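Peer 1: here you go, sequence then predicted model.
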Amino acid sequence: MSKVKVVFRCADCGAAEPKWAGRCAACGAWNSLTEEVEQPRSSPAAIPARDQVEPIAEVDLSQWEPVGTGVAELDRVLGGGLVPGSVTVCGGEPGIGKSTLLLQAAAGVAGQGDTALYVTGEESKAQVRMRAERLGALRPRLLLVSEYSIGNVLAHVASVEPDLLIVDSIQTLHDPEIPSAPGSVVQVRECASRLVQEAKARGMSVVLVGHVTKDGGLAGPRTLEHLVDTVLSFEGDRHHALRVLRAVKHRFGSTLEVGLFEMSEQGLDGVPDPSELFLADRRRGVAGSVVVPTIDGQRPLLVEVQALVAPSPLPTPRRSVQGVDSRRLALLLAVLGRRAGIWCNQHDVYGLAVGGAQVVEPGGDLALALALASAVLDRPVPEDLVAVGEVGLAGELRQVGNMPRRLAEAARMGFRRAIVPFTSPAATDGLEVIRAGTLSEALLAVGCRP
């Protein structure tokens with residue numbers, strides 16, 4: 001008779017150690033080893049092969065066509081929809097809207113005549129039903145069950161044969177044959193593995209809701225990310241209405257697409273024109289405000305970058321940012337002082353990307369630098385102007401990628417001028433391009449040179 005085995009498993013990478021240690025030898029994570037009891041299973045009997053060998057050129061691709069969910073921004077990120085037989089993990093902070101998004105997707109699938117089964121392990125059926133009623137997601141073919149056992153979930157799947165299975169969340173499932181608590185590394189790995197096998201065997205799309213760690217990464221063993229076909233990250237600031245959906249991993253398409261949603265009382269609404277949303281409340285003629293055309297995934301976005309500079313009573317002035325990289329802010333302050341003679345050593349400096357947007361790419365350097373200089377000198381930047389470019393330590397301006405798409409988006413939104421590096425591509429119709437080789441030249445062009 002097989003005996004139970006006690007191991008200490010890393011919650012980050014899933015590696016097993018015979019005894020506890022403060023640091024995982026495999027991935028280097030500290031205090032991540034937890035005690036688990038494993039009971040070896042008997043070796044399964046040999047089973048016949050379920051597939052036939054065939055030339056790669058003769059493999060049928062018709063069954064791998066994506067099926068739309070009815071949620072346009074979700075389908076954009078997935079490359080058209082969910083692929084039958086695929087397994088997707090959707091991760092995000094608590095309360096960000098994962099359950100709302102997937103309930104709307106399940107209602108969209110059920111509204112097209114397919115069957116969707118929603119398995120809830122964190123909320124009661126009544127709670128999910130009330131949310132569905134608020135979202136207008138009550139559909140006859142949208143089925144709901146509250147379950148924790150992976151064996152019972154698979155039994156429900158065999159009974160109703162759904163086209164889409166949503167499990168909210170994978171951390172609540174457990175296998176009674178495994179002597180470990182729900183949410184542990186071994187439970188998450190084994191339950192996800194069984195769902196992957198069921199999805200491939202039935203040609204059923206499976207979406208798993210996953211928890212995230214304090215660092216924003218997907219909780220559970222790293223093998224979970226390798227098991228599934230797609231990993232979605234649902235991001236946003238709960239104090240803002242904007243939500244961003246990204247594909248961290250996608251075996252059936254690109255990971256460069258980005259989906260944008262706005263949270264409302266009726267659920268998540270897609271944002272087809274994010275630039276208009278970000279600039280809707282812009283106040284013109286104010287010092288410290290510059291618009292930058294950014295690229296998020298493959299979508300051009302116009303975002304307003306603001307800066308505020310005020311005398312500081314502190315020996316070490318404050319440096320506070322939101323939506324922009326604090327390290328880039330420190331770099332730009334040093335370049336402004338050394339290369340342009342604009343010093344902020346005795347001032348508190350605040351940087352902000354308006355509307356909950358994130359401007360962390362180097363292409364936002366020039367706009368942030370101009371906003372800082374404008375705030376220091378109290379001279380507004382022309383309101384019909386956008387700025388894009390990377391700033392080097394020597395004060396030079398360097399071009400960034402996708403410049404034609406950035407400028408085309410600026411022209412579409414009514415801007416008439418753009419400051420870009422000298423080496424940038426040709427101008428866009430309807431937009432006057434001002435080329436500058438250094439940050440000092442760009443400051444002079446907008447009237448912010450001391």
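Peer 2: Right, received. Where do you want to start?

Peer 1: contact partners for the nearest residue in space to L352 that is not next to it in sequence?
Peer 2: Spatial nearest neighbour of L352, excluding adjacent residues (C-beta to C-beta, 6 or more residues apart in numbering): Q306 at 4.6 Å. Backbone N, C-alpha and C define where each C-beta goes, glycine included. Shown in contact with Q306 (C-beta atoms under 8 Å, 6 or more residues apart in numbering): 288-289, 351-354, 371.

Peer 1: that's a helix at Q306, yeah?
Peer 2: No: applying DSSP: H, G, I helix; E, B strand; the rest coil, one finds Q306 to be strand, outside a helix.

Peer 1: which residues sit against stretch 135-147?
Peer 2: 100, 103-104, 106-107, 110-111, 113-121, 123-125, 128-129, 131-132, 153, 156, 160, 162, 266-267.

Peer 1: please save the CA atoms from it in PDB.
Peer 2: Taking C-alpha atoms only, stretch 135-147 is exported to PDB below (Å, rounded to 0.1, in the frame of the first residue of the first chain):
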ATOM      1  CA  LEU A 135     -26.400  43.400 -16.900                       C
ATOM      2  CA  GLY A 136     -29.300  42.300 -19.000                       C
ATOM      3  CA  ALA A 137     -27.600  38.900 -19.400                       C
ATOM      4  CA  LEU A 138     -30.500  36.500 -18.600                       C
ATOM      5  CA  ARG A 139     -30.500  34.000 -21.400                       C
ATOM      6  CA  PRO A 140     -32.300  30.600 -21.500                       C
ATOM      7  CA  ARG A 141     -29.100  28.800 -22.700                       C
ATOM      8  CA  LEU A 142     -26.900  30.400 -20.000                       C
ATOM      9  CA  LEU A 143     -26.700  27.800 -17.200                       C
ATOM     10  CA  LEU A 144     -25.500  28.400 -13.700                       C
ATOM     11  CA  VAL A 145     -24.200  26.100 -11.000                       C
ATOM     12  CA  SER A 146     -22.400  26.600  -7.700                       C
ATOM     13  CA  GLU A 147     -19.700  23.900  -7.300                       C
END
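
Peer 1: which positions in it come out as buried?
Peer 2: For stretch 135-147, the neighbour count (16 or more other C-beta atoms under 10 Å) marks 135, 137, 139, 141-147 as buried.

Peer 1: surely A107 is in contact with A132?
Peer 2: Yes: in this structure, A107 is within contact of A132 by C-beta atoms under 8 Å, at 7.0 Å.

Peer 1: these two: who's more crowded?
Peer 2: Set A107 next to A132 and count neighbours by other C-beta atoms under 10 Å: A107 wins out with 24 against 21.

Peer 1: could you find the closest non-adjacent residue to that one?
Peer 2: Excluding the flanking residues, the one nearest A107 by C-beta to C-beta, 6+ apart is A137, at 3.5 Å.
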